[in-house]
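*Asks:* Prediction below, plus the sequence it came from.
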Amino acid sequence: MANPFRHRYKRPRIPWGKMDISATQTDDLIACPNCDVLYRIKAPARGERARCGRCHEVLITPRLGAEGRIIALALAVLILTIGALSFPFLTIRAAGVSHSASIFSAAAAFSGGPFFLLSFAVLCLIVLVPVGRVLLLLYVFVPLARGRGVGPLTKQAFTLAERMRPWSMAEIFAIGCAVALVKVADLAEIAFGPAFWMFALLTLLVVAQDSLICRWTIWDALDKEAEA
Amino acid sequence: MSEATPLTAREAGLVGCRRCGRVWPIETEECGRCGAHLQSRDPRSLSRVWAWWAAGLIAYVPANLYPMLVTSTLVEETQATIVGGAVELAQHDALGVAIIVLVASVLIPVGKFMAIAFLALSVHRQADTGAHARHKLYEIVEYIGRWSMIDVFVVAILTALVQLNALASIHPGPAAAAFAASVVFTMLSAQSFDSRMIWDHLGGPRPRPRLEERAT
């Protein structure tokens, strides 16, 4: 039995075992980024995933037409973001007084004096980083999907987009809204603005988009395009 | 030769790129595919982990001592710290939200500090057991770290929303900035950790099989 964990997973994995390694021929190998185990690449079929047998990290998970779907989702995210930014987010009413907040005003909430830096950080986390990521992904995937090869900065753009991933906190902001609502519920009456629903949808799209990105497949494609 | 300790790239005299997965001879310094800097194990990884960890812990102290929210109404001005705010929520029959706030801003940050310290110490003392459990712990810490930011966002939303002139208004307290800094520092600490080191000392002190034996 080559793999002690095989019985626990139904999905096929890259088999490990004895292999002859010559230092010059490494282009058909893959090392798990989490635990360094070495595998010979056996590309999984569409819809299947190759996991590391030791730490179960997903190594390769090619998706059918991933480029097109990533582009479609990126455009949807961009349009929804513009909408979410331009409409009021939440409206509060108490004793005849009402006040609406937009996403910008939430980001600018800390703008007074020493909180300037925090205000900028919040703006980055909920607007600039998510939007920047989408633009970078469009720059990478539009030429790739149209067979136009890769631009001079494509690899840097994709690297940056992947680096931004943990700092894109739109979905956390959406949950934060729910907590904030409960906190002021007994103080005043709250109404959702159109931007709130756009933001909720946006959150789902970003999660869907992230699940489509298989780093190994994309780097492999970029590499082949660059050579061609 | 045991099948349970599989061949790693380092043992094979190779180095794997953590960004794109491509494998190169161990002396390679830059990945020829994605341009990432290559290092089989980063010796300074643990120093960076501890540095960000300490910064996060230092920022976490004022985050708890100073008020997070300053609420002004017609009659009074109240200041609430993280724990104080949660207690107040619980008294207003919002027990569910109180628990969410406590978990997100007390339990998770404290647990994160302990988990990162435990992982770094286990690498220091070259632990040879429980790699799977430690790896799971690392994955949880990495996944959950960002969610602590929820508290800062709640303060931002409340401050933007509750501006009803003299009737009621909410302003951020100094703890909001300290807490945000603490979350960012601990995220950087977790990202600095080279998770491959978790697996390096499995099998204990016994000499590992040499490449020639395994490769043939």
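*Replies:* Ah, there it is. Residues are numbered from 1 along each chain as shown, chains lettered A, B, ... in the order given.
*Asks:* who touches the nearest residue to A:Arg49 once chain neighbours are set aside in this structure?
*Replies:* Excluding its sequence neighbours, the residue lying closest to A:Arg49 (CB to CB, 6 or more residues apart in numbering or on different chains) is A:Thr61, at 3.9 Å. Every C-beta, even on glycine, is put in place using the N, C-alpha and C of the backbone. Contact analysis of A:Thr61 by CB atoms under 8 Å, 6 or more residues apart in numbering or on different chains lists A:Pro44, A:Glu48, A:Arg49, A:Ala50, A:Cys214, A:Thr217.
*Asks:* And the residue of chain A closest to chain B?
*Replies:* Taking CB to the nearest CB as the measure, the point where chain A comes nearest chain B is A:Ala31, at 2.3 Å.
*Asks:* The closest residue to that residue other than its chain neighbours: neighbouring residues, count only.
*Replies:* The shortest distance from A:Ala31 to any non-neighbouring residue, by CB to CB, 6+ apart, is to B:Gly16 (2.3 Å). Using other CB atoms under 10 Å in any protein chain shown, B:Gly16 has 30 neighbouring residues.
*Asks:* Next one, pLDDT for B:Gly16 please.
*Replies:* For B:Gly16, the pLDDT comes out at 86.
*Asks:* mind listing what it touches?
*Replies:* A:Ile30, A:Ala31, A:Cys32, A:Pro33, A:Asp36, A:Leu38, B:Ala9, B:Arg22, B:Val23, B:Trp24 are the contacts of B:Gly16 under CB under 8 Å, 6+ apart.
*Asks:* Compare those and tell me which has the most neighbours.
*Replies:* A:Asp36 (30 neighbours).
*Asks:* was I right about it contacting B:Met197?
*Replies:* No. Between A:Asp36 and B:Met197 there is no contact under CB atoms under 8 Å: 9.2 Å.
*Asks:* returning to that earlier point: and the residue nearest to A:Arg49, how far is that from B:Ser195?
*Replies:* 19 Å (CB to CB, to the nearest Å).
*Asks:* In this structure B:Glu142 contacts B:Ser192, no?
*Replies:* No. Counting by CB under 8 Å, B:Glu142 does not reach B:Ser192; the two are 11.2 Å apart.
*Asks:* Any stretches of chain A with poor pLDDT?
*Replies:* Within chain A, the segments meeting pLDDT under 70 span A:1-25, A:64, A:112-114, A:186-187, A:228.
*Asks:* Which residue does chain B have closest to chain A?
*Replies:* For chain B, CB to the nearest CB, closest residue to chain A: B:Gly16, 2.3 Å.
*Asks:* Could you list the domains of chain B?
*Replies:* Using automatic domain parsing, the domain ranges for chain B come out as B:1-41+B:207-216, B:43-199.
*Asks:* roughly how far is the shortest one from the heart of the chain?
*Replies:* Translated: domain B:1-41+B:207-216. For domain B:1-41+B:207-216, the gap between its own C-alpha mean and the chain's C-alpha mean amounts to 26 Å (CA atoms, centre = their mean, to the nearest Å).
*Asks:* hang on, A:Gly132 packs against A:Met164?
*Replies:* Yes. Under the criterion of CB under 8 Å, A:Gly132 makes contact with A:Met164 at 6.4 Å.
*Asks:* re earlier: so what sits opposite the residue nearest to A:Ala31 in the bridge?
*Replies:* B:Val23 (DSSP bridges).
*Asks:* one step back: can you pick out the residue with more neighbours from B:Glu142 and B:Ser192?
*Replies:* Applying other CB under 10 Å to B:Glu142 and B:Ser192 shows that B:Ser192 carries more neighbours, namely 20 against 16.
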